[in-house]
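Q: could you look at this predicted model? Sequence included:
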Amino acid sequence: MRTSQHENTKRTSTSDTSRSADEYEEHTPRYLREIPQRFPAAMHTASGALRSSLLEFREHEVRYARNILPSARLFVLVLIVSVAMGVLAWAFLTSLAWVSAFRVVYPVSFFSLPLVGIGTAWLYHSYGNGAQKGNNLVIESALAGRMLQIRMAVMTFICSVATHFAGGSAGREGTAVQIGGTIASQVSERAKLTPYDHHDLLLAGVSSAFGAVFGTPLAGAFFGMEMCFVGRLEYNACLYCLVASFTGNAITHLLGIHHSKHVIDIIPALDARMLALTVLAALTFGLVARLFSSAIHMVKHMYQSIPASYLVRAAISSGLLLLVYLIAPVKEYAGLSEWMVDAGFAGNTGFWDIGIKLSLTALTLGAGFQGGEVTPLFCLGAASGGWLATMMGLPPALLAALGMIAVFGSALNVPVTTVLLGIDLFGGAAAPYFVIVSFVAYLVAGHRGVYPAQMIVTPKRRSLADDASMSVAEAQARRHKRDIERVKQPLNKRGV
């Protein structure tokens with residue numbers, strides 16, 4: 001009896017369990033019912049993923065640790081290059097101040113123009129080994145890893161000072177960039193750097209040169225990253241360029257170099273009227289930059305087409321420049337002529353100032369004299385802005401400042417550097433204006449510039465898309481060829 005009762009109880013329990021299982025399967029979602037079966041597999045997958053992440057993290061840390069020493073070594077080399085560049089920038093700027101003061105007191109120095117022109121041509125032809133390319137050789141070195149010889153820095157230092165002594169209309173940035181690039185290249189060669197580190201150190205040398213010579217550390221940092229390409233910033237070298245530019249600038253300050261400062265006294269609100277006038281001014285600045293680049297290229301081509309030896313061509317070109325100074329009252333436009341910036345900020349410039357300075361600079365640089373383009377561009381921009389301000393009824397200091405940075409940036413194809421240059425020179429209060437003029441003028445200038453070796457990575461406009469992956473020189477040559485073909489087509493149809 002007990003056995004039967006026990007069996008009935010067991011049967012009832014089994015029935016209840018079966019009924020509970022049926023109810024569980026009926027009322028419980030499938031994904032919850034499958035958790036017990038999937039849990040071991042999920043744990044295995046999670047364990048594998050965690051193990052893979054730990055291995056990847058360890059590899060990343062090992063790779064990072066291995067890069068610490070080379071990166072620290074490169075930072076030390078950047079500091080060495082920057083300090084040396086700061087000292088040489090001080091020596092260069094001091095030399096320019098001396099010879100410029102001498103020329104003003106003793107105008108007879110203008111008669112040395114032919115001697116300086118012929119001497120520069122002979123020196124670069126005999127010993128330059130490509131150094132006559134100037135900043136374009138620095139760009140080629142950064143892109144292709146070519147080493148720059150010490151003679152480049154020595155020759156450009158001496159010949160640039162001689163140019164200013166004789167009254168050539170030139171700047172100082174070209175000389176500084178070549179010196180900075182040469183120092184970096186020499187340090188790289190002795191340190192046996194890899195091509196990657198050589199590239200970064202060379203850009204840092206360029207940044208230290210720009211920051212030291214102009215007293216603009218932010219713009220100098222971005223100039224090194226932006227100089228080699230149109231439409232690309234080399235962020236891989238950003239820290240090196242930043243440290244180099246600030247270090248070079250600090251050294252020149254410690255040695256007693258003080259750069260002139262200008263103030264934008266009135267900054268109007270950026271309403272619709274001011275926006276329209278700012279864009280109109282930026283269009284003008286871009287056209288001035290195009291004219292500047294085209295004028296230098298045209299004068300160089302004109303002199304090179306003379307069927308004579310290079311010394312005869314140098315004598316003709318430098319003699320022509322001297323003749324201009326003798327027959328026209330334009331000696332005040334010689335050298336750096338930084339008074340034009342002051343006049344522009346005061347609104348005391350006219351279109352003739354722009355024409356005279358542009359012509360003298362084209363005759364100087366086109367003839368092969370050494371120097372740079374940036375300071376003449378500053379003068380042209382400030383003069384253009386001061387002149388436009390008087391016609392538009394706007395504060396002259398604002399337009400002069402905008403012209404100063406916009407003409408520079410669009411001629412060198414460095415729009416981001418242009419914005420930072422404005423902040424360096426005038427503070428951030430007018431930053432919206434800096435951005436507008438920088439990028440509008442940059443687009444207007446097209447694929448032209450004073451650095452033909454720049455590589456076009458991102459074309460400026462859709463109509464220029466075919467220029468991608470070309471240098472500025474190649475794009476200009478192809479455009480010139482197309483223009484000639486367009487002119488010939490109507491003539492051929494007429495049977496001419």
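A: Arrived safely, thanks for sending. Bear in mind that the values here come from a model prediction, so they are computed numbers and not experimental data. Residues are numbered from 1 along each chain as shown.
Q: only C-alpha atoms for contact and neighbour calcs from this point on.
A: OK.
Q: other residues contacting the helix or strand where residue 318 lies?
A: Using DSSP states H and E, residue 318 falls within helix 310-327. Identification of contacts with helix 310-327 by C-alpha atoms under 8 Å, 6 or more residues apart in numbering yields 110-111, 113-114, 117-118, 121-122, 303-304, 306, 331, 360, 363-364, 367-368.
Q: just the buried residues of whichever helix or strand comes after it, please?
A: Later in the chain than helix 310-327, the nearest helix or strand by DSSP H and E is helix 339-346. Across helix 339-346, burial judged by 16 or more other C-alpha atoms under 10 Å covers 340, 341, 342, 343, 344, 345, 346.
Q: could the residues you listed be laid out in a markdown table, adding pLDDT and distance to residue 411?
A: A markdown table is the format used below for the buried residues of helix 339-346 (pLDDT from 0 to 100; distance: C-alpha to C-alpha, whole Å):
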| residue | pLDDT | distance to residue 411 |
| --- | --- | --- |
| 340 | 96 | 19 |
| 341 | 95 | 18 |
| 342 | 95 | 21 |
| 343 | 96 | 22 |
| 344 | 96 | 19 |
| 345 | 96 | 21 |
| 346 | 95 | 24 |
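Q: circling back to that earlier point, among the contacts of helix 310-327, which ones are in helices?
A: Among these, the members found in helices (DSSP state H) are 113, 114, 117, 118, 121, 122, 303, 304, 360, 363, 364.
Q: of those, which one scores lowest on pLDDT?
A: Within the set of the ones in helices among the contacts of helix 310-327, pLDDT is lowest for residue 304 (89).
Q: report the spatially closest residue to that residue, excluding sequence-adjacent ones.
A: Nearest residue to residue 304 in three dimensions, chain neighbours excluded: residue 313, at 7.5 Å (C-alpha to C-alpha, 6 or more residues apart in numbering).
Q: if I look at that neighbour, how far off is residue 306?
A: Between residue 313 and residue 306 the distance is 7 Å, computed by C-alpha to C-alpha, to the nearest Å.
Q: which parts of the stretch 151-300 of the chain are strands?
A: Under the criterion DSSP state E, counting those that start in this stretch, strands of the stretch 151-300 of the chain are mapped to 229-230.
Q: can you pull out the helices in it?
A: With helices called from DSSP state H, counting those that start in this stretch, the stretch 151-300 of the chain shows them at 173-191, 195-214, 217-226, 238-254, 272-304.
Q: cool, the stretch 1-150 of the chain as well?
A: Using DSSP H, counting those that start in this stretch, helices in the stretch 1-150 of the chain cover 2-27, 30-33, 35-105, 113-127, 135-144, 150-166.
Q: residue 334: what's it in contact with?
A: By C-alpha under 8 Å, 6+ apart, the neighbours of residue 334 are 164, 167, 168, 169, 170, 360.
Q: and residue 476, what pLDDT?
A: So residue 476 comes in at 84 (pLDDT).
Q: who are the contact partners of it?
A: Residue 476 neighbours (C-alpha under 8 Å, 6+ apart): 447, 448.
Q: tell me how far it lies from residue 378.
A: Taken as C-alpha to C-alpha, the span from residue 476 to residue 378 is 24 Å.
Q: what residues are up against the nearest residue to residue 110 once chain neighbours are set aside?
A: Excluding the flanking residues, the one nearest residue 110 by C-alpha to C-alpha, 6+ apart is residue 166, at 4.7 Å. Contact partners of residue 166, counting by C-alpha under 8 Å, 6+ apart, are 103, 109, 110, 111, 112, 113, 116.
Q: ok, residue 361 touching residue 374?
A: No - using C-alpha atoms under 8 Å, residue 361 is not in contact with residue 374; the gap is 10.9 Å.
Q: show me which of these two is the more surrounded one.
A: residue 361 (28 against 24; other C-alpha atoms under 10 Å).
Q: list the contacts for the residue nearest to that one when sequence neighbours are not counted?
A: Once flanking residues are discounted, residue 361 sits nearest to residue 169: 4.8 Å by C-alpha to C-alpha, 6+ apart. Taking C-alpha under 8 Å, 6+ apart, we find residue 169 in contact with 333, 334, 335, 336, 337, 357, 360, 361, 364, 365, 376.
Q: and residue 169, how far from residue 310?
A: Distance from residue 169 to residue 310, by C-alpha to C-alpha: 21 Å.
Q: repeat that for residue 387.
A: 39 Å.
Q: which one of these two has more residues nearby?
A: residue 387 (26 against 16).
Q: so where does the more buried one fall, helix or strand?
A: In the assignment (DSSP H and E), residue 387 maps to helix 374-392.
Q: tell me how far that helix lies from the chain's centre.
A: The chain centroid and the centroid of helix 374-392 are separated by 21 Å under C-alpha atoms, centre = their mean, to the nearest Å.
Q: and that helix, average pLDDT?
A: 95.
Q: next SSE downstream of it?
A: Using DSSP H and E, the next helix or strand after helix 374-392 towards the C-terminus is helix 396-412.
Q: from what I can see residue 444 touches residue 286, true?
A: Yes - between residue 444 and residue 286 there is a contact under C-alpha under 8 Å: 5.1 Å.
Q: mutual contacts of those two, please.
A: With C-alpha under 8 Å, 6+ apart, residue 444 and residue 286 have common neighbours residue 410.
Q: from residue 381, how far off is residue 407?
A: The spacing between residue 407 and residue 381, counted by C-alpha to C-alpha, is 5 Å.
Q: please identify which of those two sits among more neighbours.
A: Per other C-alpha under 10 Å, whichever of residue 407 and residue 381 has more neighbours is residue 407, with 36 against 31.
Q: cool, thanks, signing off.
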